[in-house]
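J.: only geometry, no sequence info:
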C-alpha cells in the first residue's frame, strides 16, 4: 500500500517519555515535520514544524511551559490553541487573533503519543489495548519504506507462531505490539510496546533493542540495493501577507459563543469568581494578558470582564465579579441569579490592555477588583521568568480576591491594606520612583486611582507610553454637532443622523436591534464595520491604528466627517 | 596567569574552550585567527605555535597548548576547583578520554560536512554525513539507556564532564552539515541538558534552551 498524504490513520509519533517538560520533540509523519511539546499542564501539542512568521522550525524553539517561543524572532504561541500571543517586534500591540499555527490531532495513550495527518478519523485504541499498562520499548528509526519494515517485523516471528497484522501498519509478536510510523516514503520508525513493565526492565529493553537494531541493519542493507522512492511532497498552506505583517485592525464583533458556568465561588468578601468553559470540553479561543470578554447577561445587558488566566490556560476562562457594583444591574445579575451549570454567551477575548514583554522593569498596580487583568499579566511574566512587581491595594485583607493564585507566583507581590488616599499616593510614588528607560507600569482600579497613578507617574517623569491602563469610561466631551447620512449596507436603509442624536439612537428609532453597553465609547460593544466615508472617532476604545484604518467605529459616540457613511449593518 | 585563546568565532572546537572557561569563570583574552577565508592557521606565525596548523591554540603565560580535548583536560585540572569536570578517578578518566576520541570522530564527520557545505572544503559530503549518522545512532542509544538508568550525562558521574563539552558543539552544528538530528530524540534531550549548565554560553548556530521547569 503506497503512502498517501491524506491517510487519516492514527500512528504513534513518539513515546510519552520522549516529551519531558520544557522540551520540543522533532517528529515527522507522512512527510510532514512536527514540533511536539508537552506543556506544564501535561497537555501534548503537535504542530506543523514552522513558525508562521519566517518559517523557522519550531522544534528548535523554546518550550516556556505554557507557550512555545520561536527561536528566530520570539513569536510566542499558546498551548492548546497554537494562537500567537506575543510578537516582540510589536511589543505594545496585541497580535491579531487569527494568527494561529497549524495543529495536528494528538492523543497520548498506551505509552505512546499518536497523531494523524487530518481529523477524518476518530482515535480508536488498537484491538486488545484496554486493560494494560503499556510499556514502551526504545523506538528504532529505519531508513526503509514502511511497507518493507512491516514485512521485516513479521519475519521476526518464530516459525511456530503466527503473525497477526493489526490495523494501522502494526503487528502482534507474542505479547508485544510493533507499530510502524510512516515518517516518509523511505523512512520509518518501529515503535514497540509491551502490555506491562517487565520484571528486569533494562535487560528486556536491551534484548528488544538488539533484535530491532539487527532488523534495521538488514532492512537498510536491502533498501540500499533498490531505488529509494521519492519523498512525499506535502503542500504547505501559504501564510497570507496580513498574517506576516500583523494587522491590528479591529474585527467587528457581534459573534458570541456559549460557555457553561463550571464553577462559581466566593473569592473574597464582595468578589465572586466564575469559571467559564466550553460545553463540549474543547479549549477556548486564544487570549493575551490584559484581555477581556463581553458577557451577555440573562437580562440582556452586556458587561466586560478581564480574564485572570495565565499563558496557555484555555480550558476555562476565570473572571472576578464585584458583588456590590450593581450599576445598571449587570454584575448584580451575575452574582445573584447565574448558577453553576448555567449557559452564558460570551465574545471572543479582545485586548485593549496589552502587556509588553520587553521591559527592564514592569510594575503592576491593582486596586480592588482591578486585580483581575494584572493577575493574568503577572502569570505570563512569571512563566517567562521576567521581572515584575505586583502591588495590590485593598481596603481590608478579606476583600483581596484570588489570594491563593497570587501566593503561588514567584515574583514580588506586595499587598497594601487599609491605606488612606494620601498613603496610597505616597506608596505609589515610592514604588514608581523616577522614570528609567524601558520601565512600564500597568494600572487597573477605580477611576480616581487611575488618575492619581497617571498624575504621580507624570510628575516623576514617566512618559505616557510607559503608563498603561484600560478605560472603563470615556471622559472626553463628545461633539455631537454634525449632521450626516448613514447608509446601512446590509439592512438596505439610509438614515439621517441630526445634530444632537447618535448613530445608535437613530438606528434604534428606525427599528433596528443593535447591541450596546456603556454608550460612551468605552466598552466596544457597538463596534461596527465601516465600508465608506470618513469617521469622526470620539471613543476611547479603538487605538490610534484602528482609528486611522477607518474600517470600524463605535456608533454610540463617533460620527462622520463626510456627509455620508456606509456601515456594515 | 594570562590566558590567550587563539580563536575562530565560528569554530566549534574553539567554542569548546570558550564554553568551559565561561562555566569555570576563568578570564581569558581572545586572539582572533582568520581561519576562513584567510587560512591564517596555515600562516608561518601560527605554525610556529602549532605545527599541525589547527585551531584552537591556548597560551597560559608561557605554556602553549593545542588540541581542544587536551586543552579541556588542562583547563579542568588546573582551574576547576570543584574537581568535577575532569575527575581523578582512573575509570572516569578513561571514560572521559574515550568520549574525547568520539568528539574527534564527530569533528571528522559532522564538522567536515559543515566545512564542505558552508566553507567550500573539498570533503566527501555524503561520506561525512553517513559517518556522523553512524556516531549519532550510537550516542543516542548510549544516552537513551543512560536516561533509563538515571544517568543524564555521557560519563558515569552524576554531573557533566569535559566529555559532554567535547561532544556537544558539532552535535549542535550538525544541521549546518545537512545532518538532521530528528532520529536521535535522546541526543536532542541531552543537548537541552548541556544548554542548561550554569555558565552556558552560545555561539552562532547554537541557541539557548530556556529554563527547566521549577
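T.: Arrived safely. Bear in mind the structure is a predicted one, so any value in this text is a computation, not a measurement.

J.: find the residue at the geometric middle of the chain.
T.: Picking chain A for this. Computing the C-alpha centroid of chain A and ranking residues by CA atoms, centre = their mean puts residue A:286 first, at 2.7 Å.

J.: let's do chain B instead
T.: For chain B, by CA atoms, centre = their mean, the most central residue is residue B:166; offset 3.3 Å.

J.: wait, a helix at it?
T.: Yes: counting by DSSP: H, G, I helix; E, B strand; the rest coil, residue B:166 falls inside a helix.

J.: hang on, isn't it packed against residue B:69?
T.: Yes: if you go by CB atoms under 8 Å, residue B:166 and residue B:69 touch, sitting 5.5 Å apart. All C-beta spots, glycine's among them, are computed from the backbone N, C-alpha and C.

J.: just list whatever residues bridge to the residue nearest to the residue nearest to the centre of chain A when sequence neighbours are not counted.
T.: Once its chain neighbours are removed from consideration, residue A:286 has its nearest residue in residue A:83; the separation is 2.6 Å (CB to CB, 6 or more residues apart in numbering or on different chains). Using DSSP bridges, the bridge partners assigned to residue A:83 are residue A:100.

J.: look up how far residue A:98 lies from residue A:83.
T.: Counting by CB to CB, to the nearest Å, the gap between residue A:83 and residue A:98 amounts to 8 Å.

J.: before we move on, the earlier item: secondary structure element holding the residue nearest to the centre of chain A?
T.: Of the helices and strands defined by DSSP states H and E, none includes residue A:286.

J.: what residues does residue A:425 make contact with?
T.: Under the criterion of CB atoms under 8 Å, 6 or more residues apart in numbering or on different chains, the contact partners of residue A:425 comprise A:452, A:456.

J.: using the three-state scheme, assign it.
T.: The three-state assignment at residue A:425 reads helix, by three-state DSSP.

J.: now do the same end-to-end measure for stretch A:471-482.
T.: In stretch A:471-482, first residue to last residue: 25 Å (CA to CA, to the nearest Å).

J.: what residues does chain A put near chain B?
T.: Chain A has residues A:14, A:17-18, A:20-23, A:25-28, A:33, A:40, A:60, A:62-65, A:69, A:71, A:138-139, A:141, A:189, A:201-202, A:205-206, A:209, A:385, A:410 near chain B, with proximity defined as CB under 8 Å from any CB of the partner chain.

J.: which of those are buried? Put it as a ChimeraX command.
T.: The ChimeraX selection below is limited to those of these classed as buried (16 or more other CB atoms under 10 Å in any protein chain shown):
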select /A:14,17,18,20,22,23,25,26,27,28,33,40,60,62,63,64,65,69,71,138,139,141,189,205,209
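
J.: picking up where we left off before, looking at residue A:83 and residue A:98, which is more packed in?
T.: The neighbour count for residue A:83 versus residue A:98, taken as other CB atoms under 10 Å in any protein chain shown, is higher for residue A:83 (25 against 13).

J.: which ones are touching that one?
T.: Residues in contact with residue A:83, defined by CB under 8 Å, 6+ apart, are A:77, A:97, A:99, A:100, A:101, A:285, A:286.

J.: any idea how far the last one is from chain B?
T.: By that I understand residue A:286. 21 Å (CB to the nearest CB, to the nearest Å).

J.: who's in contact with that residue?
T.: Residue A:286 sits next to A:78, A:81, A:83, A:84, A:85, A:97, A:100, A:314, A:349 when contact means CB under 8 Å, 6+ apart.

J.: check pLDDT for these and point me to the minimum.
T.: Looking at those, model confidence by pLDDT dips furthest at residue A:97: 63.

J.: so which bits of chain B are right by chain A?
T.: Proximity of chain B to chain A, by CB under 8 Å from any CB, involves residues B:141, B:144-145, B:147-149, B:181-183, B:185, B:188-189, B:192, B:207-214.

J.: one more time with 6 Å, if that's ok
T.: By the criterion of CB under 6 Å from any CB of the partner chain, the positions of chain B lying close to chain A are B:144, B:182, B:183, B:185, B:192, B:207, B:210, B:211, B:212, B:213.

J.: could those go into TSV alongside pLDDT, secondary structure and distance to residue A:320?
T.: Below are the residues of chain B next to chain A laid out as TSV (pLDDT from 0 to 100; DSSP: H, G, I helix; E, B strand; the rest coil; distance: CB to CB, whole Å):
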residue	pLDDT	secondary structure	distance to residue A:320
B:144	98	helix	47
B:182	98	coil	45
B:183	98	coil	49
B:185	98	helix	43
B:192	98	helix	38
B:207	94	coil	39
B:210	90	coil	31
B:211	92	coil	30
B:212	93	coil	32
B:213	91	coil	28
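
J.: any chance of the backbone angles for residue A:76?
T.: phi -110, psi 140 (degrees, to the nearest 10).

J.: if I look at it, how far off is residue A:51?
T.: Counting by CB to CB, the gap between residue A:76 and residue A:51 amounts to 10 Å.

J.: equivalent analysis for residue A:137, please.
T.: With distances defined as CB to CB, the gap from residue A:137 to residue A:51 amounts to 33 Å.

J.: and these two? Which one has more around it.
T.: Shown here are residue A:137 and residue A:51; by other CB under 10 Å, residue A:51 has more neighbours (26 against 23).

J.: quick one: contacts for that one?
T.: By CB atoms under 6 Å, 6 or more residues apart in numbering or on different chains, the contact set of residue A:51 is A:58, A:70, A:75.

J.: rerun at 8 Å
T.: Contacts were defined as CB under 8 Å, 6+ apart; by that measure residue A:51 touches A:57, A:58, A:61, A:70, A:72, A:73, A:75, A:101.

J.: my read is that the fourth one contacts residue A:53, right?
T.: I take that to be residue A:70. Yes: with contacts defined as CB under 8 Å, residue A:70 counts as touching residue A:53 at a distance of 6.7 Å.

J.: what about the closest residue to residue A:211 other than its chain neighbours, neighbour count?
T.: Leaving aside its chain neighbours, residue A:211 sits nearest to residue A:156 (6.7 Å; criterion: CB to CB, 6+ apart). When neighbours are counted by other CB under 10 Å, residue A:156 registers 17.

J.: I'm done for today, thanks for sticking with me.
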